[in-house]
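**Q** Predicted model follows, preceded by the sequence.
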There are 2 protein chains.
Amino acid sequence: MQLPLKGITVLEFSQYLSGPCAGLRLADLGARVIKIERPLGGEAGRRLAIKDMWVGDDSLLFHTINRNKESFTTDFDDANDRLWLNKLIAKADVIIENFRPGVMDRKGLGYEAVRQLNSAIVYTSITGYGNQGPWKDKPGQDLLVQSLSGLAHTSGNGEDDFLPFGLAMGDYLCGNQAVQAILAALIRRKRTGKGSLLQLSLLESLIDFQFEFFTTYFHSGALPKRSAANNAHALLSAPYGIYQTKDGYLAVAMMPLSKLNEAIACVMLESFDEQDAFTKRDEIKAILQQHLLQHTTAYWLEKGRPLDLWIAQVMNWRQLMEMKGYTDLKMEQWIQLADRKIKTTRCPIRINGQYFLSTTPAPVLGADTQCIKSELAS
Amino acid sequence: MQLPLKGITVLEFSQYLSGPCAGLRLADLGARVIKIERPLGGEAGRRLAIKDMWVGDDSLLFHTINRNKESFTTDFDDANDRLWLNKLIAKADVIIENFRPGVMDRKGLGYEAVRQLNSAIVYTSITGYGNQGPWKDKPGQDLLVQSLSGLAHTSGNGEDDFLPFGLAMGDYLCGNQAVQAILAALIRRKRTGKGSLLQLSLLESLIDFQFEFFTTYFHSGALPKRSAANNAHALLSAPYGIYQTKDGYLAVAMMPLSKLNEAIACVMLESFDEQDAFTKRDEIKAILQQHLLQHTTAYWLEKGRPLDLWIAQVMNWRQLMEMKGYTDLKMEQWIQLADRKIKTTRCPIRINGQYFLSTTPAPVLGADTQCIKSELAS
């Protein structure tokens, strides 16, 4: 199958996660993605290690999200380098940059400057907090934006402390939404011939992510109350949550209490009706927790099966990867480096039954500079 | 500005969150989105209330994610209705369905059947666990997929229980990735004239979301260890986390310990060097927590400012919405219903400085059926 974004060239003036994560998806879908890096050290993400893991000179994290890309090194302040860069910009379709507001402008690479070189460019700017207002110059780091956005108040129980999501939610999500914006802008360009400036921020993405909470808050004026225990969504009624069983954990999604009780036969639950599911949420959840502790997870799953009950086992990664339900997804792929292979996950999208796989590793710093210059010269 | 997806027609055979959330983004970006609903009761999401909140006959949640769409009611088993539906399918560009595998096929609306009516259709299938393998018929509900995917093991501290993300992470994310797939397939169709079948699942989206954890686990074979307290990312070293202060909470992102200590002057931290940040993470975080308790959040923010330290206040929604940094983003918009207005959030993407706003509410069930039939007849 011909990859959907074949023929599209993306220049990635990006660092760390949000920009590179957008570039990765575009590369997965068939675009040619060229990282624009400074000659000394390159993209900052090359040095950001997760769990102190390295693959050669670069961090494992860098390899994970920069596979299937090229690297072009250039010194923005060198006049000769700049001529090459300008030629490259003139031929590109998309630019992604995720520096703080003003940085690209100061380098003469802001939208207005780039437009002079290529009026049809789709120029994508990812910031932490938008490009105006009192927060624009704050460090746009994921945990900090989570913390400002209210997101750290969604998980956890009752009056517990603020609790962040244990991964880079804002970066990842904003990168994903940048891809939406870029593809929509390419469709618009095909129809109108016009380029565009796209602006996204981690904060706006995290607010969009919380649209249910925000809309509910606008409507009620009251902050949602997480349940005292077993909270899984502050806006949903009992039994929604994760519960401990005799030997593990069981997730119980939304369902009428009576239907649940048909499967689990908890005498103490019988006195509650559907009206109580919101108003007596804590009480119901506490009773349910005590009841579910009496048997194993497998026992409860078996009880729920005839009713197609919305319940599931709760697993860690090790348990998950042993399951046929996981292996059948074929989510794993190998990246081939010069001297070793790295296993990672694939793009979550399938087209016509095909996965988007690529063994091409993250580029060595500047690996493609000469080759790209030759192309531009010809 | 001409909206990017102007002229694109999307049929939404969807319920609850993941499908409608994809449709919403396409509508935001200018597509015409028509919900295909059964005449009695319509989409199941109309009855799914969050916090028991209703706007007229429909839940507030339904209004939130179905704004700016049309509603076409049809009985799949009625021969006359079916003729109208077939005409509509023949003119559409995109179909989004999120029923369990096999449901659309049984209704004669699977990809192969639809292709006979419209060979250029971009047909999008969202499932819980993929369309094959032992889990395909499980209920594809958000909390259940979170629980199976390992995600409930990322947040929280040390040996704490499994802890789910307090919102519909899988639905929302998979809906966002469906938008990426759809737009990429439209670009491909423009170039090749060919339609396509797109397949996504909540589980694959949640695995992609955890790519850092999965790749690290593939590499090390060991499950990541969350820090005993103040965990914010199991793979990152001290000081990364949220800490209590004298009057609130402070988020502290990644930074060298020595740089942090320049600002906060904690004597007990002086004996640790960068090598200790991973190996003595719990110890360092405990010392830091004790130290930060001595002063207010504002005090620490002030101390960090001269060094541009990666720290931030932690806020709930009420605090956030009082901030100019929030109001300047103009994230809020009003939807105009017949008898009232509802405030909600807007699309997080901007093009050429413009927001995508619309006051058009979620449709009353079947509101557009007659009008659409007239169009098809003409």
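**A** Looks like it arrived, so ask away.
**Q** partners of the worst-scoring helix or strand of chain A on mean pLDDT in the sheet?
**A** Least confident helix or strand, chain A: strand A:54-55 with a mean of 80, by mean pLDDT, DSSP states H and E. The strands beside strand A:54-55 in its sheet (DSSP bridges) come out as strand A:58-59 (antiparallel).
**Q** Run the chain-centre distance for the partner strand.
**A** Using Cα atoms, centre = their mean, to the nearest Å, the mean C-alpha position of strand A:58-59 is found 20 Å from that of the whole chain.
**Q** Secondary structure element for the residue nearest the centre of chain A, which one?
**A** Central residue of chain A (Cα atoms, centre = their mean): A:Tyr172, 2.6 Å from the mean position. Using DSSP states H and E, A:Tyr172 sits in helix A:169-192.
**Q** Strands of the stretch 151-300 of chain A, start to end?
**A** Counting by DSSP state E, counting those that start in this stretch, the stretch 151-300 of chain A has strands at residues A:196-201, A:241-244, A:249-252.
**Q** Chain neighbours aside, what residue packs nearest to the residue nearest to the centre of chain A?
**A** A:Cys21 (5.8 Å; Cβ to Cβ, 6 or more residues apart in numbering or on different chains). Quick note: C-beta positions are derived from backbone N, CA and C, even for glycine.
**Q** contacting residues around that neighbour?
**A** Residues in contact with A:Cys21 (Cβ atoms under 8 Å, 6 or more residues apart in numbering or on different chains) are A:Ile65, A:Asp171, A:Tyr172, A:Gly175, A:Asn176.
**Q** Buried ones among those residues?
**A** Among the contacts of A:Cys21, the ones that count as buried by 16 or more other Cβ atoms under 10 Å in any protein chain shown are A:Ile65, A:Asp171, A:Tyr172, A:Gly175, A:Asn176.
**Q** of those, closest to B:Ala113?
**A** Taking Cβ to Cβ as the measure, B:Ala113 lies nearest A:Asn176 of the buried ones among the contacts of A:Cys21, at 31.3 Å.
**Q** and the closest one, how far is that from A:Arg188?
**A** Distance of A:Asn176 to A:Arg188, computed by Cβ to Cβ, to the nearest Å: 19 Å.
**Q** just A:Trp135 next, same as before
**A** For A:Trp135, the distance to A:Arg188 - Cβ to Cβ - is 29 Å.
**Q** what's the answer for A:Gln290, then?
**A** Distance, A:Gln290 to A:Arg188, using Cβ to Cβ: 57 Å.
**Q** So for the two, which residue has more residues nearby?
**A** A:Arg188 (23 against 13; other Cβ atoms under 10 Å in any protein chain shown).
**Q** Touching, that one and B:Ile8? I think so.
**A** No - judged on Cβ atoms under 8 Å, A:Arg188 makes no contact with B:Ile8 at a distance of 10.8 Å.
**Q** could you pull out the helices for the stretch 51-200 of chain A?
**A** A:60-65, A:79-91, A:103-106, A:111-117, A:142-149, A:169-192 (DSSP state H, counting those that start in this stretch).
**Q** right, so of these, which gets closest to B:Cys347?
**A** For B:Cys347, the closest of those is helix A:169-192, at 9.0 Å, according to Cβ to Cβ.
**Q** What residues sit buried inside the closest one?
**A** A:169-189.
**Q** Quick one: name the residues of the stretch 251-378 of chain A near chain B.
**A** Residues of the stretch 251-378 of chain A that fall close to chain B, judged by Cβ under 8 Å from any Cβ of the partner chain: A:251-254, A:278, A:308, A:310-321, A:323-325, A:328-329, A:331-332, A:342-345, A:347-353.
**Q** picking that back up, average pLDDT for the helix holding A:Tyr172, rounded please.
**A** Mean pLDDT, helix A:169-192: 98.
**Q** Would you mind giving the orientation angle of it with respect to helix B:169-192?
**A** When axes from the mean of the first three to the mean of the last three Cα atoms, to 10 degrees is applied, the directions of helix A:169-192 and helix B:169-192 differ by 20 degrees.
**Q** Just want the angle from helix A:169-192 to strand A:196-201.
**A** Counting by the same axes, to 10 degrees, helix A:169-192 lies at 160 degrees to strand A:196-201.
**Q** the inter-axis angle of helix A:169-192 versus helix A:142-149?
**A** For helix A:169-192 against helix A:142-149, the angle by the same axes, to 10 degrees is 90 degrees.
**Q** tell me how far helix A:169-192 is from the chain's mean position?
**A** Counting by Cα atoms, centre = their mean, helix A:169-192 comes out at 14 Å from the chain centroid.
**Q** Which neighbouring elements make contact with that helix?
**A** helix A:18-28, strand A:94-97, strand A:122-127, helix A:142-149, strand A:196-201, helix A:202-209, helix B:169-192, strand B:350-351 (3 or more Cβ pairs under 8 Å, 6 or more residues apart in numbering or on different chains; DSSP states H and E).
**Q** List the contacts of the fourth one.
**A** Counting contacts by Cβ under 8 Å, 6+ apart, the residues outside helix A:142-149 that touch it are A:17, A:128-129, A:135, A:138, A:152, A:162, A:164-165, A:168-171, A:202-203, A:206-207, A:210, B:232-233, B:240-242, B:249, B:251-253, B:310-315, B:320, B:325.
**Q** Thank you kindly, that will do.
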